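Novice: The following block contains a protein sequence and its predicted model.
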Amino acid sequence: MDLQEFLRMGGYAGYVWSGYGLTALVLVWNWWAARRNEAEQLVSAQRRNAD
Amino acid sequence: MWLWLHKLGSPPHAYRLLGSMAPWFGWPALVLILVGTYWGLVEAPRDYQQGDAFRLLYVHAPSAWMSMFIYVVMAVAAGIGMIWRIKLAHAAAAACAPIGASFTFLALATGSIWGKPMWGTWWVWDARLTSELILLFLYLGYMALRSSFDDPQRADRASAVLAIVGVINVPIIHYSVEWWTTLHQPASVTKLDKPSIALEMLYPLFIMMIGFQLYFGWAISRRLRGEILRRERNAKWLKESR
């Protein structure tokens, strides 16, 4: 399959790729935010318990 | 049975269980979403009317489905928390909100990106789009309401009422395409008779749906662990488990 043709998405490249890009962004954000939230809570719980 | 349920509802046990469950959701989710994306972008045949723009289906439909599914989970958890006064259920509801809001945003954004080339407009104030936008506001309102209380128990109760009342919006979103005239197409997969979509287009959609579902399983496990830590920061078990 032709890569150029694939990237062109039959003339809808801007729409298709921005839609998939946005999806990747939201999935990665969720992954990052959930991990960060958990890590932050763990640190603050440990700090409290250290007192 | 009851002993098991009781154990499940105890924060330290749930905390540990969620931690060991998360990777069992996360890795399969990653694999399925990658396979589904490849299949949807490369293998699935081009739509005879919409051309390659129809490939947005594989990110739009799963995120729209998740936006409603997560809301129902949130409302049920809030209801359980209200009726049986289970703190862990309230914590689960609170953990759902940011994930659900992000999927609702994604459903609206990908729908808008799809609408421009197909309908000629980014946005119309029709029943489907408007009710989905209301869903986003429900999530945001729920989170804002929670954060406006200092006392977690009052936050739980007040936000649970909002979550439960708001669930009425979910069937409205689903049936909006039948009840009102709208630009949005009616359901082609989630209906009782045969789906009106070619099988080779449907398989990648199923893979993406299951992938998104598992991804939510991973995300809620992580979020709920954070929520348990936040609520239990003074508890004895946290000190002991360090």
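Specialist: Right, received. Where do you want to start? Numbers count the residues shown, from 1 in each chain, chains lettered A, B, ... in the order given.
Novice: Point out where the chain drops to low pLDDT.
Specialist: Since no chain was named, I'll use chain A. A:1, A:51 (pLDDT under 70).
Novice: that's the wrong chain, I meant chain B
Specialist: Short version for chain B, where the test is pLDDT under 70: B:1-8, B:189-195, B:240-242.
Novice: Recalculate using a threshold of 50.
Specialist: For chain B, not a single residue meets the criterion pLDDT under 50.
Novice: Close to chain A: what parts of it are there?
Specialist: Contacts of chain B with chain A, taken as Cβ under 8 Å from any Cβ of the partner chain, map to B:33, B:37, B:41-42, B:46, B:51-53, B:55-56, B:59-60, B:63, B:98-99, B:102-103, B:105-106, B:109-110, B:113-114, B:116-117, B:215, B:219, B:222-223, B:225-227, B:229-230, B:232-234, B:238-239, B:242. Every C-beta, even on glycine, is put in place using the N, C-alpha and C of the backbone.
Novice: of those residues, buried ones?
Specialist: Listed as buried from those are B:33, B:37, B:41, B:51-53, B:55-56, B:59-60, B:63, B:98-99, B:102-103, B:105-106, B:109-110, B:113-114, B:116-117, B:215, B:219, B:222-223, B:225-227, B:229-230, B:232-233, B:238; burial here means 16 or more other Cβ atoms under 10 Å in any protein chain shown.
Novice: Restricted to helices, list these.
Specialist: If you go by DSSP state H, those have B:33, B:37, B:59-60, B:63, B:98-99, B:102-103, B:105-106, B:109-110, B:113-114, B:116-117, B:215, B:219, B:222-223, B:225-227, B:229-230, B:238 in helices.
Novice: just so I have it, where are all the strands in chain B?
Specialist: Counting by DSSP state E, no segments of chain B form strands.
Novice: Off-centre distance for the host helix or strand of residue A:28?
Specialist: Assigned by DSSP states H and E, residue A:28 falls within helix A:13-50. Centre-to-centre, helix A:13-50 and its host chain are 7 Å apart (Cα atoms, centre = their mean, to the nearest Å).
Novice: just stretch B:174-186 next, same as before
Specialist: In terms of Cα atoms, centre = their mean, the centre of stretch B:174-186 is set 21 Å apart from its chain centre.
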